[in-house]
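A.B. asks: okay, predicted coordinates and the sequence, questions at the end:
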Amino acid sequence: MKESREFLEQLGYPSADFQELPTSTKTFPDGAQYRIELPSVEGPAALKQTLKEIDRLGLTIHRVSQGSGIMLQTDEEIREMCELTAERGMELSLFVGPRGTWDVSAGPLTPGGKSQALRHEGADQLVYAMEDLKRGAALGLRGALVADEGLLLLTKEMKKKGQLPEDFVVKVSVQMGAANPVSVKLMEDIGADTYNVPSALTLPKLAAIRQAIDIPIDLYVEVPDTFGGFLRYYEIPEIIRVLAPVYIKFGLRNHPDVYPSGKQWESTNISLAEERVRRAALGIQMIERYYPEAKTSKLGAEGLGIARVHKEAAR
């Protein structure tokens, strides 16, 4: 294996997973090591309850994200979510709506085709996804999730051509699945501003990825059942030390799949949102207990995809 390992080193990549975990010297632009993310905040009602619980518990949450997609939110709902987060200096990240699992093809739903995941089939699906991004940006959104390499590359080109704002944060979904230093570096090269790594990777594997990339890593520390259902709370201090800059992401085990969401799931979504905030409080207490010197960001910090709200346009 020596020749292969030496070749990786010549290309500037780690040649092995890190068994002695190095402390990351990389940070967010403000010098912070970690930020907090709450996913699956499905619509304005769930967001309002999330913010209410955040205030009740006195937490700092930097990003909220949503999975059902820009496509399934009205203009008014998107504007409202933008306003609610922007006034606090929080990032709002909405998923691109079109995706392989909602298209007419059965491919991504078959046992052998699951690796297609949420990728877009055909040129039309890419166009639909581009339209979703442009619509969100026009309404003030400055962050979105993508799960297709082709669309990711297009976001980079769209920024160059002025079709997306340069400060638009492109967050790559965990569903993309790149799981090694070279693959994730490729995602960075073609446009990823932040990358959600697969949830089951060990710290040695994650440490190797961190050494290869500079963008923030997003990592579930409580993982939805559909991705394995792991609870990694006691690892949070080491995750921050080794993976900085990192978004500590609090999903929720043992809950229904609510995508695509809407009124039919609203009461459930509100309940799930409340519990995610509580889980974040547990994780933040872990940091305070075991790594109190770890640095986090203030709200409004550089690099957050904070919506640009124009009150006149919202009326």
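C.D. replies: Yes, it's here.

A.B. asks: the strands in this structure, which residues?
C.D. replies: 34-38, 63-66, 91-95, 143-146, 169-172, 194-196, 217-222, 246-250 (DSSP state E).

A.B. asks: what ranges do the helices span in the stretch 51-200 of the chain?
C.D. replies: Along the stretch 51-200 of the chain, counting by DSSP state H, counting those that start in this stretch, helices occupy 75-86, 122-138, 149-160, 181-189.

A.B. asks: so can I have CSV of those helices showing mean pLDDT and mean neighbour count?
C.D. replies: Bear in mind the C-beta positions are built from the backbone N, C-alpha and C, glycine included. Output for those, formatted as CSV (pLDDT from 0 to 100; neighbours: other Cβ atoms under 10 Å):
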stretch, mean pLDDT, mean neighbour count
helix 75-86, 97, 20
helix 122-138, 96, 17
helix 149-160, 98, 18
helix 181-189, 98, 18
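
A.B. asks: closest to Leu8 out of those?
C.D. replies: Leu8 sits nearest to helix 181-189 of all the helices of the stretch 51-200 of the chain, at 7.9 Å, using Cβ to Cβ.

A.B. asks: partners of the nearest residue to Val246 once chain neighbours are set aside in the sheet?
C.D. replies: In this structure, Val246 finds its nearest non-sequential neighbour in Ile217, 4.9 Å apart by Cβ to Cβ, 6 or more residues apart in numbering. Here Ile217 sits in beta bridges with Tyr195, Val246, going by DSSP bridges.

A.B. asks: okay, now Ile217: neighbour count?
C.D. replies: 23 (other Cβ atoms under 10 Å).

A.B. asks: wait, doesn't it sit right on Lys249?
C.D. replies: No - Ile217 is beyond contact range of Lys249, at 9.9 Å (criterion: Cβ atoms under 8 Å).

A.B. asks: common neighbours of those two, please.
C.D. replies: Counting by Cβ atoms under 8 Å, 6 or more residues apart in numbering, the common neighbours of Ile217 and Lys249 are Asn196.

A.B. asks: dihedrals phi and psi, Gln33?
C.D. replies: In terms of degrees, to the nearest 10, the main-chain angles of Gln33 are phi -90, psi -30.

A.B. asks: nearest residue to it in space, please, no chain neighbours.
C.D. replies: Ala244 (3.7 Å).

A.B. asks: can you count the residues close to that neighbour?
C.D. replies: Neighbours around Ala244, by other Cβ under 10 Å: 21.

A.B. asks: got the contact list for Leu133?
C.D. replies: Contacts of Leu133 (Cβ under 8 Å, 6+ apart): Ile70, Val96, Ala144, Thr155, Met158, Leu164, Phe168.

A.B. asks: can you check Ser40 too?
C.D. replies: Going by Cβ under 8 Å, 6+ apart, Ser40 touches Ser65, Gln66, Gly67, Gly251, Leu252, Val258, Asn269, Leu272, Ala273, Arg276.

A.B. asks: where does the protein dip in pLDDT?
C.D. replies: Counting by pLDDT under 70, the chain contains low-confidence ranges at 311-315.

A.B. asks: could you redo the last one with a cut-off of 50?
C.D. replies: Applying pLDDT under 50 to the chain flags the ranges 313-315.
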